[in-house]
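*Asks:* Need coordinates for the following:
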Amino acid sequence: MSTFSKKLIAAALLLGSHAATSSCGHHSNTGASAPVDHDTSALNNRYSLDKIKLPPGFSINVYAEVPNARSMSLSPSGILFVGNREGDKVYAVADEDKNGTADKVYTIASGLRTPNGVAFKNGSLYIATVSSIVRLDSIESRLSDPPKPIVVYDRFPTDAHHGWKFIAFGPDNKLYVPVGAPCNVCEKENPVYATITRMNPDGSGMEIYAKGIRNSVGFAWHPITKQLWFTDNGRDNLGNDIPSDELNTAPQTGMHFGFPYCHQGDTPDPEFGKNKNCSDYTPPVQKLGPHVAALGMRFYTGNAFPKEYSNQVFIAEHGSWNRSEPIGYRVTLVKLDSTGKALSYSNFAEGWLQPGGKVLGRPVDVEVTTDGSLLVSDDYAGVIYRISYQK
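*Replies:* Next up, the predicted model:
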């Protein structure tokens, strides 16, 4: 890990430490709710939200302070579940009065190894650790007294490198779980590496759905076609400008997206790409920026934004860690036509990377709420933002 990356992690822990302070202890604090700062103006100033640029009509505010806030999942009742990468906890965020800012932040699980991914299904919260999936049943009614996790599946690799996971349930009611490559670039005998897998909710029937995927930390299904779309992080150490991160779609099982042989759809790997043809693999729908660290993505399914945003793709770009000129640190928008072809790729929310390389935040995931606003998690600042639109 680079010195820059270590500094970012240290800063994330430091900045996140003032958020939900009463929930940062050991197992005895599981179920505790943290005090919430209701001074909206002070919160927005604390996180320099005046620096964030948005299209006309949009505004941003602090929704909740959550340490090292990573992947998110929203229950039908509006409870937001938030995973964690640098710590061992999972949080539940409640906006009880529905005013656009959280009222309570609960710690609902602790002592887990990198519980980054969360997914809600039929009253239960599924949590992805590095090597396992666990489940908290009837969690919405037990936020202050959460149950002990039940192991659903525990046979994923234990590698820490790209071991953190984003998870989500598909239209087929199966749980999709990525397994990143345990390296920058390599070829492993175990076929589960560099894939997206899926399984039944009880952990049975685990299978590889798509392969040749270096490390996906975000995916969603198109609201109309119900096809899987996902982001993928390109390899490092080929220079500042290649390869690009990717936005891909996998409408059927068994597709191969090139890793480790071919990057960004058209660039053979200097080591593993010999005697390989990039045309043998599925290219990205949209090349994203080089090293932007594209993570969470969602289709906009709300009704609050202008119609031009309907069913379009929002992507959280965490930001480069080893590029000579940093890039990313933003939320981008990919617009698609009715056939799924990318029409444009542009910035939607930016300003977390300031001139001179000063970092204010690092977006991780996006989630569309029941009122049509867009939530953005930030593990660097330890906060969740809410982006809303008013005509």
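*Asks:* C-alpha only now, for contacts and for neighbours.
*Replies:* Will do.
*Asks:* By average pLDDT, which secondary structure element in this protein comes out worst?
*Replies:* The weakest-scoring helix or strand in the chain, judged by mean pLDDT, DSSP states H and E, is helix 3-16 (a mean of 38).
*Asks:* Can you mark which positions in stretch 347-360 are buried?
*Replies:* Asn347, Phe348, Ala349, Glu350, Gly351, Trp352, Leu353, Val359, Leu360 (16 or more other Cα atoms under 10 Å).
*Asks:* let me redo that: stretch 261-271
*Replies:* Burial within stretch 261-271, assessed by neighbour count using 16+ other Cα under 10 Å, is assigned to Tyr261, Cys262, His263, Gln264, Gly265, Asp266, Thr267, Pro268, Asp269.
*Asks:* Ile139 versus the residue located most distally from the centre of the chain, what's the distance?
*Replies:* In the chain, the residue that sits farthest from the middle, by Cα atoms, centre = their mean, is Asn275; the gap is 34.5 Å. Noted for Asn275: a distance of 52 Å to Ile139, by Cα to Cα, to the nearest Å.
*Asks:* Then Pro268?
*Replies:* Noted for Pro268: a distance of 47 Å to Ile139, by Cα to Cα.
*Asks:* where do the strands sit along the stretch 251-391 of the chain?
*Replies:* 255-256, 262-263, 267-268, 286-290, 294-299, 313-317, 330-336, 342-349, 363-368, 374-378, 383-389 (DSSP state E, counting those that start in this stretch).
*Asks:* Now do the buried residues in stretch 358-369.
*Replies:* Buried-residue list, stretch 358-369, by 16+ other Cα under 10 Å: Val359, Leu360, Gly361, Arg362, Pro363, Val364, Asp365, Val366, Glu367, Val368, Thr369.
*Asks:* pLDDT of it, averaged?
*Replies:* The predicted model gives stretch 358-369 an average pLDDT of 98.
*Asks:* residue ranges with poor pLDDT in the stretch 201-350 of the chain?
*Replies:* Scanning the stretch 201-350 of the chain for pLDDT under 70 picks out no residues.
*Asks:* returning to what we had before: which of the buried residues of stretch 358-369 lies closest to Asn84?
*Replies:* Of all those, Asn84 sits closest to Val364, with 10.7 Å by Cα to Cα.
*Asks:* ok, that closest one touching Gly319?
*Replies:* No: between Val364 and Gly319 there is no contact under Cα atoms under 8 Å: 9.3 Å.
*Asks:* Closest one of the buried residues of stretch 261-271 to Gln390?
*Replies:* Gln264 (37.4 Å).
*Asks:* what bridges to the residue nearest to Ser75 when sequence neighbours are not counted?
*Replies:* Of all residues not flanking Ser75 in the chain, Phe120 sits nearest, at 6.1 Å (Cα to Cα, 6 or more residues apart in numbering). Legend: beta-bridge partners of Phe120 under DSSP bridges are Leu125.
*Asks:* list the contacts for Phe120?
*Replies:* Ser73, Leu74, Ser75, Tyr126, Ala168, Phe169 (Cα atoms under 8 Å, 6 or more residues apart in numbering).
*Asks:* same thing but at 7 Å, please
*Replies:* Contacts here follow Cα atoms under 7 Å, 6 or more residues apart in numbering; on that basis Phe120 touches Ser73, Ser75, Tyr126.
*Asks:* Give me the buried entries from those residues.
*Replies:* Ser73, Ser75, Tyr126.
*Asks:* Could you dump these into TSV and include pLDDT and distance to Tyr209?
*Replies:* Converted to TSV, the buried ones among the contacts of Phe120 look like this (pLDDT from 0 to 100; distance: Cα to Cα, whole Å):
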residue	pLDDT	distance to Tyr209
Ser73	98	22
Ser75	97	25
Tyr126	99	19
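*Asks:* Between those residues, which sits nearest Gly31?
*Replies:* For these, the nearest to Gly31 is Tyr126 (16.7 Å; Cα to Cα).
*Asks:* What is the burial count for Thr332?
*Replies:* Counted by other Cα atoms under 10 Å, the residues lying close to Thr332 total 21.
*Asks:* Does it touch Asn347 like I think?
*Replies:* Yes: applying Cα atoms under 7 Å, one finds Thr332 in contact with Asn347, separated by 4.4 Å.
*Asks:* any chance you could map the helices in the chain?
*Replies:* 3-16, 40-46 (DSSP state H).
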